[in-house]
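# Okay, predicted coordinates and the sequence, questions at the end:
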Amino acid sequence: MTQNTVKVKVWDIPTRLFHWGMLCLLGGLWWTAESGEMEWHQLLAYSLMILIGVRLLWGFVGSDTAKFSQFIHSPRKVLRYLHKTKQQGISASVGHNPVGGYMVIALIGIVSVQLVTGLFATDEIFTEGPLYATVSSDTASWLTWLHKKNFDLLLILAAIHVLAVGVHMIKGDKILAAMFSGYKQLPESQVKPLSFAPLLKAFVIALVIGALVLNYFMLPVIDML
Ligand code: HEM
Ligand code: HEM
């Protein structure tokens with residue numbers, strides 16, 4: 001029996017902007033590192049710092065589907081979800097599914113490690129992260145090594161993430177379109193009331209974090225250009 005489906009808003013604008021903005025910035029960070037454009041590397045990294053900062057706060061005070069408490073589930077729930085998926089196949093979910101939730105945390109975590117290690121990194125020529133001088137040169141070398149290796153890990157995780165998105169698409173769960181439009185077609189039985197935080201709240205958070213990052217991280221680099 002086929003169920004009636006309805007079009008439901010699942011992702012707010014800040015979450016979608018975060019995702020696609022982060023993807024563009026990561027591409028730029030890769031390119032600038034490869035081509036030695038280190039001032040731009042830093043400016044893009046600090047722009048990403050603003051996005052990550054806003055997303056982390058949004059995970060506590062944002063819309064329902066963006067909240068960490070809504071998509072980080074107990075291992076028991078993850079196992080139950082896996083069991084159900086094995087028996088009934090992939091079904092559309094409102095927001096991140098219990099397995100996807102952990103992938104989201106891993107991706108945000110690994111991008112944050114990349115950002116933090118960058119603050120201590122050095123290319124041993126012109127560029128030192130702003131916190132380079134706060135640690136010994138051995139520690140800075142190790143963090144630079146980690147900065148390089150962690151990016152490879154990020155690429156591997158991103159490939160698994162894209163593969164998972166592809167599998168969902170093949171199975172008819174249109175999660176990619178939803179990350180663009182914010183809307184998803186869901187079976188009536190799965191629809192539940194969702195609360196969306198006002199855009200103004202995200203704007204104010206972005207303004208405050210943006211001003212701090214601009215002042216403490218970006219302006220010193222801009223001064224050197
Ligand atoms: C390095 C590259 C990428 C990273 C670090 C990344 C990271 C993330 C993160 C953190 C989320 C959760 C969004 C949130 O709740 O804030 C997410 C969701 C998502 N991403 Fe990516 N992503 C990457 C590349 C891509 C690409 C290339 C695609 C397109 C094929 C994609 C498609 C999606 C989709 C469809 C979702 C929603 C998943 C769901 O419905 O649960 N991502 N991604
Ligand atoms: C999430 C943000 C960041 C990403 C994705 C990123 C990415 C990369 C990549 C892909 C490399 C090249 C690694 C390799 O050669 O194998 C690199 C190198 C480097 N990055 Fe970042 N980076 C980020 C943040 C930062 C920050 C905040 C700084 C601060 C200055 C920084 C400074 C450096 C330095 C000094 C190198 C070493 C270049 C060399 O030894 O040739 N990065 N980064």
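Perfect, thanks for sending it. Numbers count the residues shown, from 1 in each chain. Ligands and ions are numbered 1, 2, ... in the order given.

# only C-alpha atoms for contact and neighbour calcs from this point on.
OK.

# Return the residues of this protein in contact with ligand 2.
Applying CA under 6 Å from any ligand atom, we find that the chain lies next to ligand 2 at 26, 29-30, 33, 42, 45, 111, 114-115, 118-119, 121-123, 127-129, 148, 151.

# any idea where the strands of this protein begin and end?
5-9, 183-187 (DSSP state E).

# buried ones in the first one?
In this case it means strand 5-9. Going by neighbour count (16 or more other CA atoms under 10 Å), the buried part of strand 5-9 is 8-9.

# who's in contact with stretch 93-101?
10-11, 65-66, 71-73, 77-78, 81-82, 186, 190-191 (CA atoms under 8 Å, 6 or more residues apart in numbering).

# So stretch 60-73, near ligand 1 or not?
Yes. Contact between stretch 60-73 and ligand 1, assessed by CA under 6 Å from any ligand atom, occurs at residue 66.

# Next to ligand 1, which bits of the chain? Give me the list.
15, 19, 23, 66, 95-97, 100, 104, 107-108, 158, 162, 165, 175-176, 179.

# ok, 5 Å please
Proximity of the chain to ligand 1, by CA under 5 Å from any ligand atom, involves residues 15, 96, 104, 108, 158, 162, 175-176.

# closest to residue 220 among these?
Nearest to residue 220 among these: residue 108, at 26.2 Å, using CA to CA.

# Quick check: closest non-adjacent residue to that closest one.
residue 52 (7.7 Å; CA to CA, 6 or more residues apart in numbering).

# Pull the number of nearby residues for the one you found.
Counted by other CA atoms under 10 Å, the residues lying close to residue 52 total 21.

# Distance from the chain centre to stretch 122-135, please.
The chain centroid and the centroid of stretch 122-135 are separated by 26 Å, computed with CA atoms, centre = their mean, to the nearest Å.

# Run through who's touching it.
38, 118-121, 140-141, 144, 217.

# among these, who's most crowded?
residue 121 (27 neighbours).

# how about low-confidence regions in this protein?
Within the chain, the stretches with pLDDT under 70 are 1-2.

# circling back to that earlier point, identify those among the contacts of stretch 122-135 that sit within helices.
38, 118-120, 140-141, 144 (DSSP state H).

# center of this protein - which residue?
Centroid-nearest residue in the chain, with CA atoms, centre = their mean: residue 108, separated by 4.5 Å.

# Distance of that one relative to residue 151?
Using CA to CA, to the nearest Å, residue 108 is found at 13 Å from residue 151.

# same question, residue 79
From residue 79 to residue 151 the distance is 30 Å (CA to CA).

# do residue 220 as well
25 Å.

# Of the two, which one has the most company?
Per other CA under 10 Å, whichever of residue 220 and residue 151 has more neighbours is residue 151, with 17 against 12.
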